[in-house]
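K.L.:
test case, fold it:
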Amino acid sequence: MLHSTDPHPEAQLDFFHKLGYSTAQVHAVQQKFGPDTDRDKVLGELVQSRAGQKQRPVTTLCALVSRGDTQNVGPAMQLPVPDCSMEGREQGGQDTLRAVVIDGSNVAMSHGNKEVFSCLGIQLAVNFFLDRGHKDITVFVPSWRKEQPRPDVPITGMRTEREYG
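P.N.:
Residues are numbered from 1 along each chain as shown. Predicted structure coming up:
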């Protein structure tokens, strides 16, 4: 539906997905201007329509795929995040914060620049949410990370992990 003259309409749609636009948004613009609309014109209209809307935060959901399996990667789906500050006011003036779940292994390896498992990274992530008033915080860490570090998998800040685990 993107371009009848375009030999790769899925590549065009993927282009717009990478820019954060949904399939429905792209199709709406295509219906407005017709199927042979230039990609730049579609993009211009998408930018204008986004600028005209009140910006709301979104969360992006992606399907999990095996490493290296790029054939099964589909477009990301963006969903609006509910305005928690408004919900909190409606429920007697108390802020309602969602439970937080942290992938501790991912956070620690990212903080350690993919070379070491940095428990300080987990502590910083937990403190980030504590500072914002969250009380229900869960950190998942593989059990083998609680063992003594090995030369191929160094661990820093082990004391920090034991405080939380």
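K.L.:
only C-alpha atoms for contact and neighbour calcs from this point on.
P.N.:
Fine.
K.L.:
ranges for the helices of this protein?
P.N.:
In the chain, the helices defined using DSSP state H lie at 9-18, 23-33, 39-52, 84-90, 104-111, 119-131, 158-164.
K.L.:
let me know the angle separating the first one from helix 23-33.
P.N.:
Here helix 9-18 runs at an angle of 120 degrees relative to helix 23-33 (axes from the mean of the first three to the mean of the last three CA atoms, to 10 degrees).
K.L.:
in helix 9-18, which residues are buried?
P.N.:
Going by neighbour count (16 or more other CA atoms under 10 Å), the buried part of helix 9-18 is Leu13, Asp14, Phe16, His17.
K.L.:
distance to Glu115 added to those residues, as JSON lines?
P.N.:
Formatted as JSON lines, the buried residues of helix 9-18 follow (distance: CA to CA, whole Å):
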{"residue": "Leu13", "distance to Glu115": "36"}
{"residue": "Asp14", "distance to Glu115": "33"}
{"residue": "Phe16", "distance to Glu115": "34"}
{"residue": "His17", "distance to Glu115": "32"}
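K.L.:
nearest to Leu120, of these?
P.N.:
His17 (34.7 Å; CA to CA).
K.L.:
can I assume the closest one is in contact with Gln25?
P.N.:
No. Using CA atoms under 8 Å as the test, His17 is too far from Gln25 to be in contact (9.9 Å).
K.L.:
shaky segments in the chain?
P.N.:
For the chain, applying pLDDT under 70 flags the ranges 1-8, 51-95, 144-165.
K.L.:
what do you get if the cut-off is 50, keeping everything else the same?
P.N.:
1-4, 57-67, 69-70, 72-94, 160-163, 165 (pLDDT under 50).
K.L.:
show the end-to-end separation of stretch 125-139, please.
P.N.:
Terminal residues of stretch 125-139 lie 9 Å apart, using CA to CA, to the nearest Å.
K.L.:
who touches that stretch?
P.N.:
Applying CA atoms under 8 Å, 6 or more residues apart in numbering, the external contacts of stretch 125-139 come out as Leu97, Arg98, Ala99, Val100, Val101, Ile102, Asp103, Gly104, Val107, Ile122.
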